[in-house]
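Engineer: Take this sequence and fold it.
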Amino acid sequence: MATAVIIAAVVGGGVLFIMRRLFPRQKACSKLLRYPADMMRGKTVIVTGANSGIGKAIAGELIRLQARVIMACRDLRSAEDAARDLKKRAGPEPHGEVVIKHLDLASLRSVRSFCHEIIQEESKIDVLINNAGLYQCPYSKTEDDFEMQLGVNHLGHFLLTHLLLDLLKSSAPSRIVVVSSKLYKYGHINFEDLNSEANYNKAFCYSQSKLANLLFTQELAQRLEGSQVTVNALTPGIVRTRLGRHVHIPLLAKPLFYLASLVFFKSPLEGAQTPLYLACSPEVEGVSGKCFANCEEEELLAKATDGHSAKTLWDLSERMVGLGN
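Structural biologist: Got it, this is the predicted structure:
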């Protein structure tokens, strides 16, 4: 018993030390708290992955601001549970409207079906928030034979955005918000093996997909110049969500890791502040092609703003999702 306590104490101390070094307490912007209660009345917003984590927090705040929120989710049962919870939390009316739609970003067929429904049923889209993502999952492939993290985090959203562009343009001024990650710094775009056929490293593939998000934002911003449709990316920081469910943590360290996460990680609501800022704030009206963190513009590494890489990735992505000539 004593030995187990000593081991747990040593492991716990190590976890807390590492957490303090890697994840200093992060500030979170609270600009949303100053928004008028009807800030998004009359606005229609699509949020991918809105059934949990940051996506659910984004949807909840948008409902409070009286937006019409389309929760685009793979798991409809989870989405329905989340929607009930969000409506309950929003309190008595007036509050926004919730629409649940099936969207599996690991299936281009599903993406096309979702977009067809949206175009048929919605007269406008004011904001598209590309939030859903996978993190360091075991090797697997999408329905269309893409490496899963690349397929969901980048290619699925690439096709989704492309197919909704005409509606976004006709709804202008409108906004596109892309959720990336600071872990883009540890990746590069492996154009020789973009689909990780020769080698799979789950951490690298996540970083590659998040770098792809940033390059996509850069290239799309250029292509949308003059359209009154803006696109900006963000890095939310380290947030307590289910995104890390595939990361293995030793059994003894799990309770300590959880306690440490309460201290060092952002809550989902804190993590949602920057995407909400980009979706709602008049301060970023007309701003495009930038990346933000904590509701402030973030300086990116050169590899995330390289025009040649962005154009090359765009052309290759078009071919992969069946949009190329």
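
Engineer: and residue 98, that one's in a strand?
Structural biologist: Yes - the assignment for residue 98 by DSSP: H, G, I helix; E, B strand; the rest coil puts it in a strand.

Engineer: so what pLDDT did it get?
Structural biologist: At residue 98, the pLDDT value in this model is 97.

Engineer: I'd guessed it sits against residue 69; true?
Structural biologist: Yes - taking Cβ atoms under 8 Å as the definition, residue 98 is a contact partner of residue 69 at 5.5 Å. From N, CA and C alone the C-beta is placed, and that goes for glycine too.

Engineer: where does residue 129 land in three-state SS?
Structural biologist: Of the three states, residue 129 takes strand under three-state DSSP.

Engineer: joint contacts of residue 98 and residue 69?
Structural biologist: 59, 63 (Cβ atoms under 8 Å, 6 or more residues apart in numbering).

Engineer: Other residues contacting whichever strand or helix holds residue 88?
Structural biologist: Per DSSP states H and E, residue 88 falls inside helix 76-90. Helix 76-90 has contacts (Cβ under 8 Å, 6+ apart) with 50-52, 56, 59-60, 63-64, 71, 73, 95-96, 98, 100, 102.

Engineer: Comparing residue 98 and residue 69, which residue is more hemmed in?
Structural biologist: Between residue 98 and residue 69, counting by other Cβ atoms under 10 Å, residue 69 is the more crowded of the two (29 against 23).

Engineer: doesn't the more buried one fall inside a strand?
Structural biologist: Yes - counting by three-state DSSP, residue 69 is found in a strand.

Engineer: Could you list everything it pairs with in the sheet?
Structural biologist: Bridge pairing for residue 69 (DSSP bridges) gives the partners residue 45, residue 98.

Engineer: show me what contacts it?
Structural biologist: Contacts of residue 69 were listed using Cβ under 8 Å, 6+ apart, and they are 45, 47, 50, 59, 62-63, 96-99.

Engineer: please redo it, this time with the cut-off set to 6 Å
Structural biologist: Contacts for residue 69 (Cβ atoms under 6 Å, 6 or more residues apart in numbering) come out as 45, 59, 62-63, 96, 98.

Engineer: Doesn't residue 323 belong to a helix?
Structural biologist: No - Residue 323: not assigned to a helix; according to three-state DSSP it is coil.
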